[in-house]
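Colleague: What shape does this take:
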Amino acid sequence: MPIHTYGVLLATAILVSIWWAARLAEKDGIPGRHIWDLGFIIVISAMIGAKVLLVITNFDYYADNPSRLLSTEFLRAGGVYYGGLLGAIAGSFIYLNRINRLDFWKISNSAATAIPLGQAIGRLGCFSAGCDYGSPSNLPWAVTFTSQYAHDLVGVPLNIRLHPYQLYESMVSVFIFLYLYRKYNRLVFDGQILALYLMLYGVSRFFLEFFRGDLDRGFLFGGLISTSQFISLLLVPAALVLYFYRRSKSRV
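Modeller: Below is the predicted model:
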């Protein structure tokens, strides 16, 4: 039975990020068990959101091949990150506010701090599998994939020097994590960390997309920008509004 590095690192990313969020939440007087319960909700809602956005970005393909929605290929596909992120936020909001009666904004401080930590680890899994690969490059740190198995599984080009996009995003996620953790220790209002994460990731993802090479991730406006870049253009101003709204609420 093969044990894929991608799966191991993805599971590690989930467990480490939930553990970190629980550790921070306990400092705020929130029992860690609530965060572990929330982690289960996040995993499920993120998977649903990622799959939904995957179908939307590849609508023509799945409309012509609806049977692929029930295939092992679809089940193994990780989906689109932004769909997973938005699904996780929506699922968390519903679970905390309506089901478990906990303060979503207070818990978002610790939870959002842990998101980029999980991303940093998860993108190493993407690199090991070859998915979300970069565009051709002649830079000294360009990488070459040679595994036929990886090519057959995720479509990564073989024997071509590529930008290590996955490592770029992993490094950026580490910097975002360190910045958010510093802000967490100087927290001004609840919801601040979530708003900052959405802004920072939205901006960085928009520019990082220029180094992506996989062409099946969805494009808009005649290929001018990718779906993720379009979402980033909507997400950043929305996060700015959220930031100032939550800050004003804290002063009331």
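Colleague: Assign a three-state SS to Cys131, would you?
Modeller: Three-state call for Cys131 (DSSP: H, G, I helix; E, B strand; the rest coil): coil.
Colleague: That one touches Val156, doesn't it?
Modeller: Yes - the pair Cys131 / Val156 is scored as a contact, 7.0 Å apart, by C-beta atoms under 8 Å. All C-beta spots, glycine's among them, are computed from the backbone N, C-alpha and C.
Colleague: These two - which one has more neighbours?
Modeller: Neighbour count, other C-beta atoms under 10 Å: between Cys131 and Val156, Val156 has more, with 21 against 18.
Colleague: how close does that one get to Gly213?
Modeller: As judged by C-beta to C-beta, to the nearest Å, Val156 and Gly213 stand 9 Å apart.
Colleague: Find the residues that touch each one of the two.
Modeller: Common contacts of Val156 and Gly213, defined by C-beta atoms under 8 Å, 6 or more residues apart in numbering, comprise Tyr133.
Colleague: Pull the contacting residues for Leu208.
Modeller: Applying C-beta under 8 Å, 6+ apart, we find Leu208 in contact with Tyr165, Tyr168, Glu169, Val172.
Colleague: biggest separation within those residues, which pair?
Modeller: Across those, no pair lies farther apart than Tyr165 and Val172, at 10.6 Å, counting by C-beta to C-beta.
Colleague: neighbour count winner among the two?
Modeller: Between Tyr165 and Val172, Tyr165 has the larger neighbour count (other C-beta under 10 Å), namely 24 against 21.
Colleague: Around the residue nearest to the more buried one when sequence neighbours are not counted, count how many other residues there are.
Modeller: Of all residues not flanking Tyr165 in the chain, Gly134 sits nearest, at 3.5 Å (C-beta to C-beta, 6 or more residues apart in numbering). Residues near Gly134, counting by other C-beta under 10 Å, number 25.
Colleague: Quick check: bridge partners of Gly134?
Modeller: With beta bridges defined as DSSP bridges, Gly134 has these partners: Arg212.
Colleague: Surely it touches Phe211?
Modeller: Yes - in this structure, Gly134 is within contact of Phe211 by C-beta under 8 Å, at 5.1 Å.
Colleague: Which neighbours do those two have in common?
Modeller: Common neighbours of Gly134 and Phe211 (C-beta under 8 Å, 6+ apart) are His163, Tyr165, Tyr168.
Colleague: want to try JSON lines for those residues, with pLDDT and secondary structure as columns?
Modeller: Formatted as JSON lines, the shared contacts of Gly134 and Phe211 follow (pLDDT from 0 to 100; DSSP: H, G, I helix; E, B strand; the rest coil):
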{"residue": "His163", "pLDDT": "97", "secondary structure": "coil"}
{"residue": "Tyr165", "pLDDT": "97", "secondary structure": "helix"}
{"residue": "Tyr168", "pLDDT": "97", "secondary structure": "helix"}
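Colleague: got the residues you listed as CSV, with distance to Phe59 columns?
Modeller: Shown next, in CSV, are the shared contacts of Gly134 and Phe211 (distance: C-beta to C-beta, whole Å):
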residue, distance to Phe59
His163, 28
Tyr165, 24
Tyr168, 28
